[in-house]
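Q: Turn this into a model:
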Amino acid sequence: MTAETIILVFTLAIYLIIIFVFNKARMKYSGGKIGKVINLILVTVSLLFISDYLVFLESYLDSESLNILRSMSRTAGLGFLAYGGAKIADS
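A: Next comes the predicted model:
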């Protein structure tokens, strides 16, 4: 196993734990500000997950397109978190 593979497996485990825990919490705390924050976190983590695992498209895309897609999905995740957090803070 290469170092990159070990890191990908480790981050996959972390992403799955986060998604599992927050999905369980979403079922328990549906509605209200807590429900909105949980949904916000789940969408952000999902976009960051997609960004990290676009590496598997490396054989189909050139490196520049892959970097653009990764940057766009990371920016979308962080932008969603910032906008949603500001909207929740105002309410």
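Q: which residue ranges form the helices in the chain?
A: 3-28, 32-52, 63-90 (DSSP state H).
Q: what's the shortest one packed up against?
A: Pointing back at helix 32-52 there. Helices and strands touching helix 32-52, by 3 or more Cβ pairs under 8 Å, 6 or more residues apart in numbering; DSSP states H and E, are helix 3-28, helix 63-90. In this view, the C-beta of every residue, glycine as well, is placed from N, C-alpha and C.
Q: buried ones in the shortest one?
A: If I follow you right, that is helix 3-28. Within helix 3-28, the residues that qualify as buried by neighbour count (16 or more other Cβ atoms under 10 Å) are Leu8, Tyr15, Ile18, Phe22, Ala25, Arg26.
Q: what does the longest one give?
A: Residues Arg70, Ser73, Arg74, Ala76, Gly77, Leu81, Gly84 are the ones in helix 63-90 that count as buried (16+ other Cβ under 10 Å).
Q: just checking, the second one touches Tyr53?
A: Right, the one you point to is Ser73. No. Under the criterion of Cβ atoms under 8 Å, Ser73 makes no contact with Tyr53, lying 9.8 Å away.
Q: Which residue is the nearest non-sequential neighbour of the most centrally placed residue in the chain?
A: Closest residue to the average C-alpha location of the chain: Val45 at 2.2 Å, with Cα atoms, centre = their mean. Counting by Cβ to Cβ, 6 or more residues apart in numbering, Val45 lies nearest to Ile18, which is 5.3 Å off, once chain neighbours are set aside.
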